[in-house]
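> Provide a 3D model corresponding to the input given below.
(one chain, ligands or ions: 1)
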Amino acid sequence: MSPHDLDALFEPLALGSLRLPNRLVMAPLTRNRVGEDGVPTSMVADYYAQRATAGLIIAEATQICPEGQGYGLTPGIHTPEQIAGWRKVTDAVHQRGGRIFLQLWHVGRVSNTLIQPRGKAPVAPSAIRAEARTWIAGEFLPTSQPVALDIDAIPAIVEAHAQGARNALAAGFDGVELHGANGYLIDQFLRDGSNQRTDAYGGSITNRVRFMCEVVDAVTRAVGSGKVGIRLSPVTPSNGAFDSDPVPLFYHAVESLNPFNLAYLHVIEGETRGDRNYNGAVDYAKLRRSFRGAYMANNGYTRELAAERISAGYADLVSFGRSFLANPDLAERFRQGLDLNLPENATFYGGDRRGYTDYPFAAGAAAPA
Ligand code: 8OZ
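Numbers count the residues shown, from 1 in each chain. Sure, this is the predicted structure:
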């Protein structure tokens, strides 16, 4: 890395109608700190406001409907109270000069009857249980056996994504990111390990990409294509995600997004929260070239690797999860080459302000709340 590569991290970027002051994005992070009703509290607003110097914040995965929830104490964006709770968050971030998208989430089969409305089975493309555990009431429990979605039930789920996007804008978000990664519903439709349907949504790659395209179409019509991004994770094994041939699947998936003129494609390169070099069969540079919008790279990036990849034109943006979790002023620390606070695993999921809003700013400055 040459010293001036670092300048690339602080080049502004136009994203839809937004102007991002730098290329450093806060990745969506599940923290399980909202109330039972899925309503973000003022503590959540403080947490995001502390991180407003990110080029863009992508707020944590948020269920678009009750059936879309798979974990305890995650936020929703389907009730008036949830919209009002998020409004406090977006106001706090905007007051500090930041920009914030919301990640829209339907977990599909990665759920448990304990958390589903009326204790029903979670829905999925096919009745195949995910080899996964979800965090419910303080512990990780195995997922429940799902039921296959009736084809007639699919349009309502597509529409729930569009309504989630409208609600997000009503809550003051600058845009939305569709969670198409980590083995959740969109990803379940994409992959043959979870999609064994014999109708128009299963079988061929074209059919398996259909649900994602319908969601993208509905959401871009609802809020405008410049306000929509999508996150994919081509080779991750998270939540039992598996495909027998992910390379052609994901090249096709990315190409099929082009007609929608999305603001960005957010890619988890390698294994989520794990080895970023795991299974290099997917050529991310090729994916990037075949996508028309901005490319946001993610997973285990350092300041140096991000600077190198952005100056080389490999990525337009790089998102950081654990580094932003532990360093509210990550942008300033990167600018000055300061040491980083280390994230504390024990406080990732659930709990209070500890490990949430109390990570110190550099030079011992008190965290502004
Ligand atoms: C960690 C714990 C619970 C959910 C993801 C939304 O993997 C998540 C998640 C991460 O995308």
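> Without its sequence neighbours, what residue ends up closest to the residue in the stretch 151-300 of the chain positioned nearest to the ligand?
Per C-beta to the nearest ligand atom, Asn182 is where the stretch 151-300 of the chain lies closest to the ligand, at 3.8 Å. Every C-beta, even on glycine, is put in place using the N, C-alpha and C of the backbone. For Asn182, ignoring the flanking residues on the chain, the nearest one in space by C-beta to C-beta, 6 or more residues apart in numbering is Ser238 at 4.3 Å.
> Near the ligand, which residues of the stretch 1-150 of the chain are found?
The stretch 1-150 of the chain comes close to the ligand at residues Thr30, Ala61, Tyr71, as judged by C-beta under 6 Å from any ligand atom.
> A strand includes the last one, no?
No: when DSSP: H, G, I helix; E, B strand; the rest coil is applied, Tyr71 is found to be coil, with no strand at that position.
> pretty sure it contacts Arg133?
No: applying C-beta atoms under 8 Å, one finds Tyr71 not in contact with Arg133, separated by 9.9 Å.
> Run through the residues that contact the closest residue to Gln63 other than its chain neighbours.
Leaving aside its chain neighbours, Gln63 sits nearest to Gln69 (4.3 Å; criterion: C-beta to C-beta, 6+ apart). Neighbouring residues of Gln69 by C-beta atoms under 8 Å, 6 or more residues apart in numbering: Gly38, Gln63, Gly76, Val107, Ser111, Ile115, Gln116.
> Tyr71 and Arg133: which is more packed in?
More crowded of Tyr71 and Arg133, by other C-beta atoms under 10 Å: Tyr71, with 24 against 15.
> And the pLDDT for that one?
We have a pLDDT of 97 for Tyr71.
> check contacts around it.
Thr30, Asn32, Val107, Ile115, Thr134, Trp135, Ile136.
> What is the neighbour count of the last one?
Put plainly, it is Ile136. For Ile136, using other C-beta under 10 Å, the count is 18.
> just the fifth one next, same as before
In terms of burial, Thr134 registers 24 neighbours under the definition other C-beta under 10 Å.
> what about it, helix or strand, and which?
Per DSSP states H and E, Thr134 falls inside strand 133-136.
> quick one on the thing from earlier: and of the contacts of Tyr71, the nearest to the ligand?
When these are compared against the ligand (criterion: C-beta to the nearest ligand atom), the nearest one is Thr30, at 3.6 Å.
> Excluding chain neighbours, what is closest to Ala14?
Per C-beta to C-beta, 6+ apart, closest to Ala14 is Leu20, 7.7 Å.
> The top strand by length along the chain - contacts with which helices or strands?
The single longest strand within the chain, with elements called by DSSP state E, is strand 56-63. Where contact means 3 or more C-beta pairs under 8 Å, 6 or more residues apart in numbering; DSSP states H and E, strand 56-63 is packed against strand 24-26, helix 80-95, strand 100-105.
> try 7 Å this time
strand 24-26, strand 100-105 (3 or more C-beta pairs under 7 Å, 6 or more residues apart in numbering; DSSP states H and E).
> can I get those in a markdown table with mean pLDDT?
A markdown table is the format used below for the helices and strands packed on strand 56-63 (pLDDT from 0 to 100):
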| stretch | mean pLDDT |
| --- | --- |
| strand 24-26 | 99 |
| strand 100-105 | 99 |
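> and the ones you listed as a markdown table, adding mean neighbour count and distance to Met43?
As requested, these are exported to a markdown table (neighbours: other C-beta atoms under 10 Å; distance: least, C-beta to C-beta, whole Å):
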| stretch | mean neighbour count | distance to Met43 |
| --- | --- | --- |
| strand 24-26 | 27 | 17 |
| strand 100-105 | 28 | 16 |
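> out of those strands, nearest to Phe324?
strand 24-26 (4.2 Å; C-beta to C-beta).
> Show me what the closest one is in contact with.
9, 51, 54-58, 296, 317-320, 324, 330-331, 334 (C-beta atoms under 7 Å, 6 or more residues apart in numbering).
> out of everything not next to it in sequence, what's closest to Phe10?
Asn22 is the one closest to Phe10 (C-beta to C-beta, 6+ apart), at 4.8 Å.
> Check which helix or strand that neighbour maps to.
Applying DSSP H and E, one finds Asn22 in no helix or strand.
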